[in-house]
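A.B. asks: Sequence first, then the predicted structure:
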Amino acid sequence: MFNMATLNRTAAGLMNAFNAHAATDIIGFGILGHSQNLAKQQRKEVSFVIHNLPIIAKMAAVRNASGRFGLLQGTSAETSGGLLICLPREQATRFCYEIKSSKYGEGHQAWIVGIVEKGNRTARIIDKPRVIEVLPRGATAAALAPDNSNASSEPCS
């Protein structure tokens, strides 16, 4: 709940300072659907190419268990997936660094997920995108580790 309530506040505040060209939230259409919608609205003929897929930790396991879900295809319906922000290339790295700084209380996360290239106002995900498992804000890796408290130390027969 904390993630959803505070997820975009700091990023939205920094967009103007870093000369954002456009932005959208990632909710019901997944990152690919929202990227496609954003690309269609650009003045110039560009395409978005997504190389990195930030996903909430453990969701890859949910996807594997369900056999569907569209997570790695970028079409999963996120309930609060953050913002997709178009920044000048020279500003993107600084934006990611700044949003993570202690100036904003730390814990904020941002990634460069892809590039903008000349194209026909579409978006796509490369064949084998890098999956970035994102810990919910305030969570630790230990808190998300599998619960083996009921596991027996005896070998299975």
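C.D. replies: That came through, no problem.

A.B. asks: Now tell me what touches the helix or strand N52 falls within from outside.
C.D. replies: Assigned by DSSP states H and E, N52 belongs to strand 46-56. Contacts of strand 46-56 with the rest of the structure, by C-beta atoms under 8 Å, 6 or more residues apart in numbering, involve 31-32, 35-36, 38-39, 71-72, 74, 82, 109, 111-126, 129-134, 136. Bear in mind the C-beta positions are built from the backbone N, C-alpha and C, glycine included.

A.B. asks: If you average the pLDDT over the following helix or strand past it, what comes out?
C.D. replies: Once the chain leaves strand 46-56, the next helix or strand it forms, by DSSP H and E, is helix 59-66. For helix 59-66, mean pLDDT is 79.

A.B. asks: Give the buried residues for helix 59-66.
C.D. replies: Residues 59-60, 63 are the ones in helix 59-66 that count as buried (16 or more other C-beta atoms under 10 Å).

A.B. asks: In TSV, list those along with distance to C86.
C.D. replies: Converted to TSV, these look like this (distance: C-beta to C-beta, whole Å):
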residue	distance to C86
M59	25
A60	26
R63	27
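
A.B. asks: Just give me the closest of those residues to A23.
C.D. replies: The shortest approach to A23 among the buried residues of helix 59-66 belongs to M59, at 22.9 Å (C-beta to C-beta).

A.B. asks: and that closest one, how far is that from T122?
C.D. replies: 25 Å (C-beta to C-beta, to the nearest Å).

A.B. asks: May I have the strands that pair with the strand holding N52, each with its orientation?
C.D. replies: Using DSSP bridges, strand 46-56 pairs in its sheet with strand 114-118 (antiparallel), strand 123-134 (parallel).

A.B. asks: Buried residues of it, list them for me.
C.D. replies: 46-50, 53-56.

A.B. asks: Likewise for stretch 25-42?
C.D. replies: Taking 16+ other C-beta under 10 Å as the criterion, stretch 25-42 shows 26, 29-36, 38-39, 42 as buried.

A.B. asks: Do you have the helices of this structure handy? List them.
C.D. replies: Counting by DSSP state H, the chain has helices at residues 2-6, 9-15, 30-40, 59-66, 89-100.
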